[in-house]
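Curious how this folds, go ahead:
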Amino acid sequence: MFEGRRILVTGGTGSWGYELVRQLLPQMPAEVVVYSRNESAQVAMSRVFEDPRLTYCIGDVRDREAMMKACEGIDIVFHLAALKHVPVCEEQPYEALKTNVIGTQNVIEAAIENKVKRVINISTDKAANPSNFYGMTKAIGEKLVVYANLLRSETKFVCVRGGNVLGTNGSVIHLFLNQIRDGKPVRITDRNMTRFFMTQQDAVRLLFQATAQSVGGEIFVMTMPTCRIVDLAEVLMESMGRRVEIVETGVRPGEKIHEILLTEYEASNTVLYGDEYLVILPSLDIPGLRRQYDSYPPVNFDSFSSSQSLMDKEQIREMLDRGGFLS
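Residues are numbered from 1 along each chain as shown. Purely as a prediction, here's the structure:
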């Protein structure tokens with residue numbers, strides 16, 4: 001799928017980007033272009049990989065002209081760039097809008113102009129029935145990406161919606177590890193809070209599956225394991241052999257106790273796609289899309305909440321071990 005291709009990764013110096021690049025390089029791409037705003041992060045990344053097929057481009061998805069230039073000669077775009085921290089987006093909504101909505105529109109237009117073959121947009125469970133500005137911007141981004149398939153271009157656009165990926169920048173896992181290591185209280189907004197989690201390795205593997213199998217216009221939803229945040233903190237304390245106090249700080253503006261992966265409305269247009277995916281089909285009439293999924297069974301539930309099918313502590317420990325956090 002990637003052999004001989006030129007691939008652009010927006011937001012490529014983030015944790016998702018590192019893992020994506022790590023798994024892309026063995027698949028023999030002609031070139032992987034890492035596109036991001038941070039010069040220092042690009043220099044650090046170049047020292048980690050030291051691969052001649054990796055090139056670096058400083059730019060911002062907000063800059064339409066820069067995106068046009070970056071997409072020249074590109075075959076596949078992975079759109080990872082986003083402002084993603086809920087409190088930051090609540091406090092600075094205009095900035096979130098510029099990156100997550102206008103930036104996504106720029107990626108779409110640049111891909112069409114340069115006849116990119118495929119664009120994969122990385123979305124979030126917070127786009128399902130959004131309660132905060134971050135989720136709202138990502139929901140609009142999803143709509144733009146789906147709609148782009150009606151623009152009569154040569155480019156296919158697809159979304160992949162996931163939850164929390166362990167170890168990404170700003171992840172709660174790093175926060176908890178540092179608090180426990182320093183003997184400080186672990187700060188949790190609410191003891192009942194649950195979230196979807198998966199490792200970076202699993203997230204990228206599923207991302208590749210969606211890239212290979214998508215038609216264009218669908219939203220691939222990763223069916224991720226769920227856990228209580230307080231259980232995650234307990235497992236980390238047990239593994240580090242250090243007990244600290246757990247302090248409840250109160251739910252922040254726009255924050256949910258439980259996340260959902262799809263809404264009741266979306267469930268009526270969603271099919272089961274193997275053991276690891278749900279596929280949401282849009283209400284828009286994208287030629288050939290529904291026919292592609294005719295043979296797949298519709299889901300038999302109204303929503304998919306992080307409060308369901310919770311992992312026990314042993315399963316959380318296995319997930320953390322697989323992600324390299326207990327070594």
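
and Asn106, what does it touch?
By C-beta atoms under 8 Å, 6 or more residues apart in numbering, the residues touching Asn106 are Val61, Arg62, Asp63, Arg64, Met67. Backbone N, C-alpha and C define where each C-beta goes, glycine included.

Please, where are all the strands along this structure?
6-10, 31-36, 54-58, 76-79, 118-124, 156-162, 164-165, 186-188, 194-198, 219-222, 226-228, 246-248, 270-273, 277-280 (DSSP state E).

Include mean neighbour count when you put those strands into JSON lines, please.
Output for those, formatted as JSON lines (neighbours: other C-beta atoms under 10 Å):
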{"stretch": "strand 6-10", "mean neighbour count": "25"}
{"stretch": "strand 31-36", "mean neighbour count": "24"}
{"stretch": "strand 54-58", "mean neighbour count": "16"}
{"stretch": "strand 76-79", "mean neighbour count": "26"}
{"stretch": "strand 118-124", "mean neighbour count": "24"}
{"stretch": "strand 156-162", "mean neighbour count": "24"}
{"stretch": "strand 164-165", "mean neighbour count": "24"}
{"stretch": "strand 186-188", "mean neighbour count": "19"}
{"stretch": "strand 194-198", "mean neighbour count": "23"}
{"stretch": "strand 219-222", "mean neighbour count": "25"}
{"stretch": "strand 226-228", "mean neighbour count": "22"}
{"stretch": "strand 246-248", "mean neighbour count": "14"}
{"stretch": "strand 270-273", "mean neighbour count": "19"}
{"stretch": "strand 277-280", "mean neighbour count": "23"}
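
Grab the nearest non-local neighbour of Asp202.
Arg322 (7.8 Å; C-beta to C-beta, 6 or more residues apart in numbering).

and that neighbour, what is it in contact with?
Arg322 neighbours (C-beta under 8 Å, 6+ apart): Thr199, Gln201, Asp202.

Relative to Ile316, how far out is it?
11 Å (C-beta to C-beta, to the nearest Å).

and if you look at Leu289?
37 Å.

now swap in Ser239 and tell me
On the measure of C-beta to C-beta, Ser239 and Ile316 end up 10 Å apart.
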